[in-house]
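> Take this sequence and fold it.
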Amino acid sequence: MAAGVVPYGNFGTSPTAEWSLDLKLHTDVTDPVLARLLAHGGQIAAVVEGALNPDSVIGRARATALKELGEPKDDENEDENQYDDDDDDWDDDENDDPDAPWNQSAVERLPKAISPGEIPVQFWRRVAGEAKPIAYDFVFSWSGDRAADWSYGISPDNADVSARQFSSGTATWADGVNVHLTYSSPDSGLDGEATLSAAAPMLMNPSSDDYMKRPMSWVDLAMRIIAFLAELRRE
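Okay, here's the model as predicted:
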């Protein structure tokens, strides 16, 4: 089984990549694995739910996402391979501190239950020429309903890199499934709106707002928006 997931940071992968699911094992093996993935929640559970139930809301969103994905371009594969090589080099760095913030997940840095207010999701990206990874902040301002303002940029937590905002906008998910996104990025000249299929932070149960309290739901949404913006910059 292979399930692609949008990585953190603006690495430029397709925003529909997380809907890839390929089952090639016997059902005696896959059934308990899929059950555990569903229980895990987050994007991986959405992948499984969409694959197992093609007629469901999530399944239909998955079909749309796969259609949008199409065949990857050659230069996209080269970019991904280059990132993989760079990542391997960092893995071999004996001086990398296992307790450093870039070695902790974004979910771990959030409260166990999300409440209305600012939701600061922090990602760390390894950048060529920098001695240490760079922190990027994706901050939601959430009032508790099915909408949030957001901003994304270089975090002020970096010691040697100046803080800078890249993009900002709004996200709304009235149906509990799809996200209507507005975005503005003066530096790159990007300004517009779009729909992110099956990206709502309550996707696993669109009728219940309780899922919006889960930190993984907001990390997933932040990654979807970052991947979408990266795709726009490459076009």
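
> Could you pull out the strands in the chain for me?
2-3, 21-22, 117-125, 134-142, 147-154, 164-172, 179-185, 190-196 (DSSP state E).

> To Leu52, which of those lies closest?
Ranking the strands of the chain by proximity to Leu52 (CB to CB) places strand 21-22 first, at 9.1 Å. C-beta: built from backbone N, CA, C; applies to glycine.

> Please work out the average pLDDT along the closest one.
Throughout strand 21-22, pLDDT has a mean value of 46.

> Then stretch 116-136?
85.

> Could you do stretch 206-216 as well?
For stretch 206-216, mean pLDDT rounds to 89.

> With stretch 142-155 instead?
Taken as a whole, stretch 142-155 carries a mean pLDDT of 94.

> still on that earlier bit, turn the strands of the chain into a markdown table, including mean neighbour count and distance to Leu221.
Shown next, in a markdown table, are the strands of the chain (neighbours: other CB atoms under 10 Å; distance: least, CB to CB, whole Å):
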| stretch | mean neighbour count | distance to Leu221 |
| --- | --- | --- |
| strand 2-3 | 13 | 18 |
| strand 21-22 | 14 | 20 |
| strand 117-125 | 18 | 9 |
| strand 134-142 | 20 | 8 |
| strand 147-154 | 18 | 8 |
| strand 164-172 | 18 | 7 |
| strand 179-185 | 19 | 7 |
| strand 190-196 | 14 | 8 |
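
> Throw the ones you listed into TSV and include distance to Lys213, thanks.
Shown next, in TSV, are the strands of the chain (distance: least, CB to CB, whole Å):
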stretch	distance to Lys213
strand 2-3	24
strand 21-22	27
strand 117-125	11
strand 134-142	11
strand 147-154	14
strand 164-172	17
strand 179-185	18
strand 190-196	21
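
> gap between the nearest residue to Arg126 once chain neighbours are set aside and Val127?
Distances taken as CB to CB, 6 or more residues apart in numbering put Pro133 closest to Arg126, at 4.8 Å, once the chain neighbours are dropped. For Pro133, the distance to Val127 (CB to CB, to the nearest Å) stands at 7 Å.

> Look at these two and report which has more neighbours.
The residue with more neighbours, out of Pro133 and Val127, is Pro133; 19 against 13, by other CB atoms under 10 Å.

> Show the contacting residues for that one.
Applying CB atoms under 8 Å, 6 or more residues apart in numbering, we find Pro133 in contact with 102, 124-127.

> same thing with Phe138?
Neighbours of Phe138 in contact, by CB under 8 Å, 6+ apart: 120-123, 150-152, 222, 225-226.

> is it in a bridge, and if so with what?
Per DSSP bridges, the residues bridged to Phe138 are Val121, Tyr152.

> go on, the one 10 residues further on?
Beta bridges link Ala148 to Trp142, Ala171 when assigned by DSSP bridges.

> Next one: the closest residue to His180 other than its chain neighbours from Val139, what distance?
Once flanking residues are discounted, His180 sits nearest to Thr172: 4.9 Å by CB to CB, 6+ apart. Thr172 sits 17 Å away from Val139, going by CB to CB.

> and what of Pro186?
17 Å.

> just Trp124 next, same as before
For Trp124, the distance to Val139 - CB to CB - is 15 Å.

> now Phe228
Distance from Phe228 to Val139, by CB to CB: 17 Å.

> which residues of this protein score low on pLDDT?
Along the chain, the parts satisfying pLDDT under 70 run over 1-46, 55-58, 62, 65-96, 235.

> how about the helices in it?
Per DSSP state H, the chain carries helices over the ranges 27-40, 42-52, 57-69, 74-91, 215-234.
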